[in-house]
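> The sequence isn't on hand, but the structure is:
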């Protein structure tokens, strides 16, 4: 085997379809994960409260769907932030102003593209 054959056999560090793999585990991704975990814990506590209070006051059960929709609306921007980190440079999800900007960009992209978002849409 010649040297050119050996260099051809080396892994090139690229992913599927010759697209470079992106780093997902960055400090900003951990910030998003921490915020997502915090939101989920608050969601669990609120759901538990609604369940316990719902036994004595059945009308409070009506808040269950609203709570679930709010949780989903808060988690979608965080998941999109982790997946498309390159489009949100210099933004940190723990900063409330940045989180609102991330959420606005995500929901605007979803609205204009029939809820199918790709990197070019953000």
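Yep, that arrived. Given the structure is predicted, the values throughout are model-derived calculations rather than measurements. Numbering: from 1, shown residues only.
> so who does residue 117 touch?
Listed by C-beta atoms under 8 Å, 6 or more residues apart in numbering, the contact partners of residue 117 are 80, 106, 109-110. For the C-beta atoms, the positions are set from N, CA and C on the backbone; glycine is no exception.
> Residue 111 versus that one, what's the distance?
10 Å (C-beta to C-beta, to the nearest Å).
> Quick one: the contacts of residue 117 as TSV, columns for pLDDT, secondary structure and neighbour count too.
What follows is those, written out as TSV (pLDDT from 0 to 100; DSSP: H, G, I helix; E, B strand; the rest coil; neighbours: other C-beta atoms under 10 Å):
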residue	pLDDT	secondary structure	neighbour count
80	91	helix	22
106	92	helix	22
109	89	helix	20
110	90	helix	17
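> Setting aside sequence neighbours, what's the nearest residue to residue 35?
residue 93 (5.2 Å; C-beta to C-beta, 6 or more residues apart in numbering).
> ok, that neighbour - how many residues close by?
23 (other C-beta atoms under 10 Å).
> Next: the one 4 residues further on.
Other residues near residue 97 number 9, with proximity taken as other C-beta under 10 Å.
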